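1. Dropping a prediction and its sequence here:
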Amino acid sequence: MKVLIADQFEPSGIDGIKAAGCEVIYQPALADQQLADALAATRPDVLVVRSTKVTEAMLPQASLSLIVRAGAGVNTIDVAAASRRGIYVSNCPGRNSIAVAELTLGLILALDRRIPDNVADLRAGRWNKKEYSKARGLFGRTLGILGFGSIGQEVARRAAAFGMPVVVWSRSYKESLTSPEDVAERADVLSVHLALANETRNFVGASILNHLKPGSYFVNTSRAEIVDDAALADAVKNRAIRVALDVFSNEPAAPTGEFTDPLLQLPTVIGTHHIGASTEQAQEAIAAEAARIIREYKNTGKVPNVVNLARKTPATHMLVVRHRDRPGVLAHVFDHLRAGNMNVQETENVIFEGAEAAIARINLDGEPPAGLLKTIGDGNQDILNLYVVRI
């Protein structure tokens, strides 16, 4: 199995992939047309990326069967295009949770103690202890968390060590408050840890931000697209909200370069360079998980953490065929299903002890006619019986 790694990747992960018996091509600077050309030229089975975008145009000339995102999300990959070509897409969820949680707490502390301004004044030769002694402190102040997956939970654990009560809104957490507005209203600090999806794009807007108390803190280490920048700027200007961001809507594609953002021109907004997951510990953990995914796929054909398999197929009926375990039985069944214009959605063939008999479960996109069932059953002496179940 050939693996192309088109992003920066830990040596330990490369070693793990090679130890699984894979050929590794490591070209971390590939992007855009160069990546498309490399996929066509090297014909890898597996592509590993971090922040590099994988577009539909790259796939027709490739021979990929698996794309691994060495990180938590898959927003840089055209998952729908991969699905249309039968390419698995997998990711490494939870492996960078602690790193993001650590940065989140660091940003909260930086807001409360105005650490960036402290440092800037000291480097400029200004001593202003009187001004920077004005800090509220975090003990006893309520942290509101929007999204309570692995990162949100790690943030909550660390907030507890600071003596901060925590309130949560999440669609899946049973102790969640009723709405994100409820969380904002109770929070002294609001931290966002939602995944980016169609329903969360611009999710945090005026309706949520206007429920924050004047002078509250707001932190986003998830995705820039989740927050309405205009509403956030308005909250900063009119409600004295202090803001810390690790993500921005107009981030450069390259790791270095010129950068400006209107939010950063506001005096109570601080930021970091989208580094939430970028600790050595997190990258080692992600590399190990990516190597595990590839190893499992090579050895078993199954993909851990796959994100693009249908939760429910269009199948409406299951054809159950009990048969002797002989060559040609299933071929006979499938030939007649094809002739009857029946589309097979999923199939499973289970062998009984002794390997003399088996039972096949074949999910179909419609109900096979009685005449077709009789033709299948009568046409092969190794079919013991068959019947249809509506699903």
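-> Received the coordinates, thanks.

2. which SS class is residue 345?
-> Taking DSSP: H, G, I helix; E, B strand; the rest coil as the rule, one finds residue 345 in the strand state.

3. from what I can see it touches residue 337, true?
-> No. The pair residue 345 / residue 337 is not scored as a contact, 11.2 Å apart, by CB atoms under 8 Å. C-betas here are computed from N, CA, C, even on glycine.

4. what is in contact with these two at once?
-> Both residue 345 and residue 337 are contacted by residue 364, under the criterion CB atoms under 8 Å, 6 or more residues apart in numbering.

5. Tell me which residues touch the most centrally placed residue in the chain, please.
-> Note on the chain: the residue nearest the mean C-alpha position is residue 73, at 2.5 Å, using CA atoms, centre = their mean. With contacts defined as CB under 8 Å, 6+ apart, the neighbours of residue 73 are 91, 195, 196, 223.

6. Tell me which two of these sit farthest apart.
-> 91 and 223 (14.3 Å; CB to CB).

7. give me the low-pLDDT residue ranges for this structure?
-> When residues are selected by pLDDT under 70, none of them lie in the chain.

8. longest helix anywhere in it?
-> Taking residue count as the measure and DSSP state H as the definition, the longest helix of the chain comes out as helix 280-300.

9. May I have the strands that pair with the very next helix or strand once past it, each with its orientation?
-> For helix 280-300, the succeeding helix or strand toward the C-terminus, using DSSP states H and E, is strand 317-324. Sheet partners assigned to strand 317-324 using DSSP bridges are listed as strand 357-364 (antiparallel), strand 383-390 (antiparallel).

10. Out of these, which one sits most buried?
-> Among these, ranked by average contacts under mean count of other CB atoms under 10 Å, first place goes to strand 357-364 (a mean of 19).

11. can you give me the strands in the stretch 1-150 of the chain?
-> Chain-ordered strands for the stretch 1-150 of the chain, with DSSP state E, counting those that start in this stretch as the definition, fall at 2-5, 23-26, 46-49, 66-69, 88-90, 143-146.

12. Over to the stretch 151-300 of the chain?
-> Going by DSSP E, counting those that start in this stretch, the stretch 151-300 of the chain shows strands at 166-169, 189-192, 217-220, 242-245, 269-271.

13. Show residues contacting the longest helix of the chain.
-> Contacts of helix 280-300 with the rest of the structure, by CB under 8 Å, 6+ apart, involve 1, 3, 9-10, 12-14, 16-17, 19-22, 46, 48, 66, 68, 70-71, 88, 90, 92, 95-96, 98-99, 277, 302-305.

14. are any of those buried, and which?
-> When neighbours are counted using 16 or more other CB atoms under 10 Å, the contacts of helix 280-300 contain these buried positions: 1, 3, 9-10, 13-14, 16-17, 20, 22, 46, 48, 66, 68, 70-71, 88, 90, 92, 95-96, 98-99, 277, 303-305.

15. Can you list the residue ranges for helices in the chain?
-> Ranges of helices in the chain, per DSSP H, are 11-19, 32-42, 79-84, 97-113, 115-123, 129-132, 150-161, 180-186, 206-209, 229-239, 280-300, 329-339, 370-378.

16. can you redo these as JSON lines with distance to residue 171?
-> Converted to JSON lines, the helices of the chain look like this (distance: least, CB to CB, whole Å):
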{"stretch": "helix 11-19", "distance to residue 171": "33"}
{"stretch": "helix 32-42", "distance to residue 171": "35"}
{"stretch": "helix 79-84", "distance to residue 171": "21"}
{"stretch": "helix 97-113", "distance to residue 171": "18"}
{"stretch": "helix 115-123", "distance to residue 171": "34"}
{"stretch": "helix 129-132", "distance to residue 171": "40"}
{"stretch": "helix 150-161", "distance to residue 171": "12"}
{"stretch": "helix 180-186", "distance to residue 171": "10"}
{"stretch": "helix 206-209", "distance to residue 171": "15"}
{"stretch": "helix 229-239", "distance to residue 171": "22"}
{"stretch": "helix 280-300", "distance to residue 171": "25"}
{"stretch": "helix 329-339", "distance to residue 171": "40"}
{"stretch": "helix 370-378", "distance to residue 171": "43"}
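
17. doesn't residue 308 make contact with residue 83?
-> Yes. Using CB under 8 Å, residue 83 is in contact with residue 308, at 4.6 Å.

18. Give me the more crowded residue out of those two.
-> residue 308 (18 against 15; other CB atoms under 10 Å).

19. quick one, what contacts the more buried one?
-> Counting by CB under 8 Å, 6+ apart, residue 308 touches 79, 82, 83, 88, 89.

20. Quick check: the closest residue to residue 302 other than its chain neighbours vs residue 47, distance?
-> Excluding the flanking residues, the one nearest residue 302 by CB to CB, 6 or more residues apart in numbering is residue 296, at 6.2 Å. From residue 296 across to residue 47, the span is 16 Å (CB to CB, to the nearest Å).

21. the more surrounded of those two?
-> Regarding residue 296 and residue 47, a neighbour count based on other CB under 10 Å identifies residue 47 as having more, with 31 against 16.

22. Enumerate every residue touching that one.
-> With contacts taken as CB under 8 Å, 6+ apart, residue 47 has the following neighbours: 3, 4, 6, 39, 54, 62, 64, 66, 67, 68.

23. Of these - the most surrounded one?
-> For these, the largest number of neighbours (other CB under 10 Å) sits with residue 68, at 29 neighbours.

24. Report the beta-bridge partner residues of that one.
-> Using DSSP bridges, the beta-bridge partners of residue 68 come out as residue 48, residue 90.

25. doesn't residue 48 make contact with it?
-> Yes. Contact status for residue 68 versus residue 48: in contact at 4.7 Å, counting by CB under 8 Å.

26. How far does stretch 104-115 sit from its chain's centre?
-> In terms of CA atoms, centre = their mean, to the nearest Å, the centre of stretch 104-115 is set 27 Å apart from its chain centre.

27. before we move on, what about stretch 360-375?
-> Taking CA atoms, centre = their mean, one finds stretch 360-375 lying 38 Å from the centre of the chain it belongs to.

28. Am I right that residue 43 is in contact with residue 62?
-> Yes. Counting by CB under 8 Å, residue 43 sits close enough to residue 62 to count as a contact (7.3 Å).
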